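Peer 1: Below are the sequence and a predicted model; questions follow.
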Amino acid sequence: MVSSSRVFRAVVLALRVALGAVLVYAAWTKLRQPWELFAMSIDAYRVLPYWAVLVVARTLPWAEMLIGLALMAGRWLRVSSTAASLLLLVFLALMMRAYAEGMHIDCGCFGFGDAISARTLARDGGLLAGYLFLTWTSFRGRRKAA
């Protein structure tokens, strides 16, 4: 008989690896294209000054890569899962704002060419739920008896 604790750990491991791979893939798609394309996607949201758009376009893919690799490796889970959750929370909020305002722009999620739609909002909402679950499990941990 397989214990429920063992099944739970296996599910968390699979989710951690899958969601880490999503971040690595998102970073890879941005890094293999000219960074100016990603900068155009960021600028279309109209929330950052131009200098900040340039900084984000050049650094965010590397941050996504590091967070994704840390999740996949099981390292610094509290930090990496919290960072992933915060990233997706910001991304989803910006996408929802743009969608509500009727902006027909590229989301910038997986490189250039993915327009914001109900589908992209649902996808990112599901990813956020997964990252929040990983964050919760990373802080849940074993409690020592006092």
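Peer 2: Perfect, I can see it now.
Peer 1: CA atoms for contacts and neighbours, from now on please.
Peer 2: Noted.
Peer 1: Tell me how far the helix of greatest length in the chain lies from the chain's centre.
Peer 2: In the chain, taking DSSP state H as the definition, the longest helix is helix 4-31. Distance of helix 4-31 from the chain centroid (C-alpha atoms, centre = their mean, to the nearest Å) equals 11 Å.
Peer 1: Can you give me the buried ones in it?
Peer 2: Neighbour-count burial for helix 4-31, with 16 or more other C-alpha atoms under 10 Å as criterion, is recorded at 12-13, 15-31.
Peer 1: same for the helix or strand following that helix, what does it pack against?
Peer 2: Next in sequence after helix 4-31, counting helices and strands by DSSP states H and E, comes helix 35-44. Here helix 35-44 touches helix 50-73, going by 3 or more C-alpha pairs under 8 Å, 6 or more residues apart in numbering; DSSP states H and E.
Peer 1: Contacts for the helix it packs on next, please.
Peer 2: For helix 50-73, the external contacting residues (C-alpha atoms under 8 Å, 6 or more residues apart in numbering) are 16-28, 30-31, 35-36, 38-39, 42-43, 76-77, 80-81, 83-84.
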